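1. 3D, please:
(2 chains)
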Amino acid sequence: MQAAASDHLPHPASRPAALLGRWFGGWRIAAFLVSLITLVPLVVVLSSFLVPASEIWQHLSRNVLPELLRNTFWLVAGVALGTGVLGTSLAWLTAVCEFPGRRFFSWALMLPLAIPAYVTAFVGIGLLDYTGPLQSALRDLFGSSAWFPPIRSRGGVILVMTLALYPYVYLLARNAFLTQGKRSLEVGQSLGLSRWQGFFKVALPMARPWLAAGIMLAMMETLADFGTVAVFNYDTFTTAIYKAWFGLFSLAAAAQLASILVLLVLALVLFEQAWRRGKRYHAVGRSQLSRLALSRRARLAACAYASLVLAAAFVIPVLQLLVWSVQVFAEDFDARYPSFVWHSVALSAMAALLVVSAALVLVYTVRLHRDWPTLFFSRLSTLGYAIPGTVLAVGIFIPIAWLDNQLIALLKAGFGVDTGAVLRGTLVVMLLAYVARFLAAGFNPIDSAMQRITKNQEEAARGMGITGWRLFARVHLPLLRGGLLTGAILVFVDVMKEMPITLMTRPFGWDTLAVRIFEMTSEGQWERAALPALALVVAGLLPVILLTRQSEA
Amino acid sequence: MNSVASIRAPSAPEPLLRLDRISHTYGATNTFSDLGFSLEKGRIGCLLGPSGCGKTTALRCIAGFESISSGTIHLNGQQVGSATFSLPAHQRRIGMVFQDYALFPHLSVRDNIGFGLRGADRMQRTRRVAELLEIVGLNTLGDAYPHELSGGQQQRVALARALAPQPDLLLLDEPFSNLDVALRERLGLEVRDILRQQNTTAVLVTHDQHEAFAIADEIGVLHQGVIQQWDTAYNLYHEPANLFVAGFIGEGVLIPGAVVGAATLDIELGRVPAQLPACCASGCRVDVLVRPDDIVHDDASSMQATVLAKAFRGADFLYTLQLASGTRVLSLIPSHHNHALGEKIGIRLEIDHVIAFEHPDC
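-> I've put the predicted structure just below:
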């Protein structure tokens, strides 16, 4: 062991070093295998773009595709604008200005992250639809002529998704404004700009990388969303993929639709990367002598505005869920409910364990090898966060099904047994899809924990003769504990809320809370979806607490 | 202490900047109160003090980023701040160089410098930016971005950006504190030349007396929210108004002395003429400020002192010496006089200004 201690010192010729070189090559192979989980479905889906058009595809491309593109475009554009305006304005108010309740709002405005968008969606429809309590009350008051904007509309989806996703922009914009908001105004003022001019000419442009990152996240989530648009019957690629597979039973058509969605996502990713290149903004320094004083009227307006957003995005949905839950508790809290919870928890826990292990392999490999293939494949494997669950479900099911057929044939030829499906219909497909989708969620906290371990700390351990596995177990692992835990919690909650992968690839009988919500909402039984939704909200509060803690620190 | 301290005669025309008994409160605490000074056009003033003395806040009040709770601020004869009124910062025609430079990371050097030149047409703007690039010596770096520059270069861009709109008053907040010592001194002199050349009126805030000495014409020593003395660097060093200034500026020790005549006192190092505090009569006890350059090495002198410690400073040693009574003094002695610790050497007092302060039990 002592002899092997020379691992990183330049002894290319010595035997132990060569052995270790091969051993660390093992890390790279493991990392490569992890990246295949994302890479294979991508390649499978994209290659189906080139498959000759089937009859079903011809029908789809002629009659459905134009509407899908139109719907997707307006939805993404609307959500980008909505989250941008809402997130930026709220971040500015809580980070730079002073108004009644500012301290409370600065964390409370992140709470909507705890509610999956599809839950906000069905609560919104349940409340505001023609048969909902609000419109009924209005009709009672003003007669049947009372006009109300239709909630099941493009505007309605955009509104709901904006309310659910603005916290991404809010969180990042707030970070930017906290470090440089007030100061940037002062610089502007010292150069003759009024506050308003300073906000638009200095503060906003300087916060642009953060705003762009937040809006980009919201756009990715929108493209990936399945549950919300399903509730609204607003057809986008994700619902079309689902319908092609489970309605038309054409996996090929589903894959072709998925390939277009992937292209859209990749275009967005590339656009973001190109836009951000070479723009490494540094904080301009902190200046927090005093917050911006607002006029009396502006203070009240700010408080009212923040209250309104918080009420619409969190308080009212949660209250409504509670009311519905109480109504249906007696009949819905039966033997099936604990089984939904159990399935959700079991799947989330398995996925979290897998993702964290895979992410740890990636993080450690990158730590050991900073060469381009390693970096390239690790970047690639964390790209899954951008790829919608529907796409991954299709992209993983197809190769697994192919593998299954090979296995069946092999077993039949070799042993003369007819096994039936081996992998298909098991948890394997689902878990692989989860890993691909949520690897980034686990990777990022572990990676940043790893970055905090300095090379000198490693050297200090090496100097005491601790190397290789012992270095990993005694130095890295204990120091990574916080990151591993955060990663596991984030993935756990993400998987619990996940809808399309679960819906499309679950083995028979594995109904989770999210599946239950989908089934109830597709029949319009909003109140019966409330109890499972409430469980998701409670779980969803965990990562929000983590986030608030981080941003307050 | 004078509420308005100025070196110029009171009959001079309205100064460019006048602070009259201003106070600032942050929450329940007073940052400073009754602070006042004025500055003629073209002069460079400095607020010098240890950290937390309120100097940066005073600067921010002048800029208009903070409001004052009493007193008035006049700029160019116009009242810009009082307890009830505060002209918005962007209308005060001030320029500011921030401690961390606060350059715009998304703009090139050229665009940073031209940022405040609104209203000017393209030609004028381009010309003015080119002119400033020339002045600060960054002609070749106009297209670079702030993060590509060194600290000193960023500092120059910040200065150029603040000077570009030709502000009536330039404010510099600890402008060199982020630079290393060698660069700090060189850049300090450079900035002084630029400000002179542009005939800029400026107020500098710093905790570093060398920086203040290098740049400012007049310096206010600020301590606990009070200007202890507003004077030239020379006078601050040689004629400190009180014990704080004596201790804060330069090196030196206070040794006890006894008044023996109308303008004469005895200290351990001999009998010296002195200007005495008002309350002191014969027999009164005082403290006398002795700078290291007041004590010279003289082998012929009968007065002997023991070397307690020595610090090599290149051209000279700073010796800590112990007199017969046990009193310690500092002495700056050319470095070819290399004496061992514990050695006794001859010293002599060579003092022009004797500054005596009332002893606490006077």
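2. give me the neighbour count for the residue of the stretch 401-550 of chain A found nearest chain B.
-> With distances taken as C-beta to the nearest C-beta, the stretch 401-550 of chain A approaches chain B most closely at residue A:451, which sits 20.0 Å away. In short, each C-beta sits where N, CA and C put it, glycine included. For residue A:451, the number of neighbouring residues by other C-beta atoms under 10 Å in any protein chain shown comes to 11.
3. that one: which element?
-> Assigned by DSSP states H and E, residue A:451 belongs to helix A:427-452.
4. centroid-nearest residue for chain B?
-> Within chain B, the residue whose C-alpha comes closest to the C-alpha centroid is residue B:212; the distance, by C-alpha atoms, centre = their mean, is 3.5 Å.
5. got the contact list for stretch A:92-109?
-> Applying C-beta atoms under 8 Å, 6 or more residues apart in numbering or on different chains, the contact partners of stretch A:92-109 are A:90, A:167, A:170, A:173-174, A:177-178, A:181-182, A:185, A:199, A:203, A:291-294, A:298-300, A:302-303, A:305-307, A:309-310, A:314, A:548, A:552.
6. that older thread, so how far is the helix or strand that the helix holding residue A:451 is followed by from its chain's centroid?
-> Scanning forward in sequence from helix A:427-452, with DSSP H and E defining helices and strands, the next element found is helix A:455-463. Here the centre of helix A:455-463 is set off from its chain's centre by 36 Å, with C-alpha atoms, centre = their mean, to the nearest Å.
7. elements contacting helix A:455-463?
-> Using 3 or more C-beta pairs under 8 Å, 6 or more residues apart in numbering or on different chains; DSSP states H and E as the contact test, the elements touching helix A:455-463 are helix A:468-471.
8. can you give me phi and psi for residue B:176?
-> Main-chain dihedrals, residue B:176, degrees, to the nearest 10: phi -110, psi 10.
9. that one contacts residue B:186, correct?
-> No - taking contact to mean C-beta atoms under 8 Å, the distance of 9.9 Å between residue B:176 and residue B:186 leaves them out of contact.
10. more neighbours, the two?
-> A direct count of neighbours by other C-beta under 10 Å for residue B:176 and residue B:186 places residue B:176 higher, at 27 against 13.
11. and that one, how far is that from chain A?
-> Residue B:176 is 15 Å from chain A, where distance means C-beta to the nearest C-beta, to the nearest Å.
12. so which residues of the stretch 151-300 of chain B form strands?
-> Taking DSSP state E, counting those that start in this stretch, the strands of the stretch 151-300 of chain B run over residues B:169-173, B:202-206, B:218-223, B:226-231, B:253-259, B:264-267, B:270-273, B:285-290, B:295-297.
13. may I see the ones you listed organised as a markdown table, with distance to residue A:243 and mean pLDDT added?
-> Written out in a markdown table, the entries for the strands of the stretch 151-300 of chain B read as follows (distance: least, C-beta to C-beta, whole Å; pLDDT from 0 to 100):
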| stretch | distance to residue A:243 | mean pLDDT |
| --- | --- | --- |
| strand B:169-173 | 63 | 93 |
| strand B:202-206 | 68 | 94 |
| strand B:218-223 | 74 | 92 |
| strand B:226-231 | 78 | 90 |
| strand B:253-259 | 90 | 86 |
| strand B:264-267 | 101 | 84 |
| strand B:270-273 | 103 | 83 |
| strand B:285-290 | 91 | 86 |
| strand B:295-297 | 96 | 90 |
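14. give me whichever of those is most buried.
-> Burial of the strands of the stretch 151-300 of chain B is given as mean neighbour count (mean count of other C-beta atoms under 10 Å in any protein chain shown); strand B:202-206 ranks first at a mean of 28.
15. pull up the pairing partners for that strand, direction included.
-> strand B:44-48 (parallel), strand B:169-173 (parallel) (DSSP bridges).
16. and residue B:124, how many neighbours?
-> Based on other C-beta under 10 Å, the number of other residues close to residue B:124 is 11.
17. wait, residue A:304
-> The number of residues packed near residue A:304 is 12, by other C-beta under 10 Å.
18. check residue B:338 too.
-> Taking other C-beta under 10 Å as the neighbour definition, residue B:338 ends up with a count of 11.
19. one step back: next, the buried residues of the helix holding residue A:451.
-> Of all the residues in helix A:427-452, those buried under the rule 16 or more other C-beta atoms under 10 Å in any protein chain shown are A:427-447, A:449-450.
20. now it: average pLDDT?
-> In this model, helix A:427-452 has an average pLDDT of 90.
21. show me what that helix is packed up against.
-> Using 3+ C-beta pairs under 8 Å, 6+ apart as the contact criterion, the elements in contact with helix A:427-452 are helix A:15-47, helix A:336-368, helix A:389-415, helix A:477-497, helix A:500-505.
22. now do 10 Å
-> Helix A:427-452 makes packing contacts with helix A:15-47, helix A:336-368, helix A:372-381, helix A:389-415, helix A:477-497, helix A:500-505, helix A:530-552 when contacts are defined by 3 or more C-beta pairs under 10 Å, 6 or more residues apart in numbering or on different chains; DSSP states H and E.
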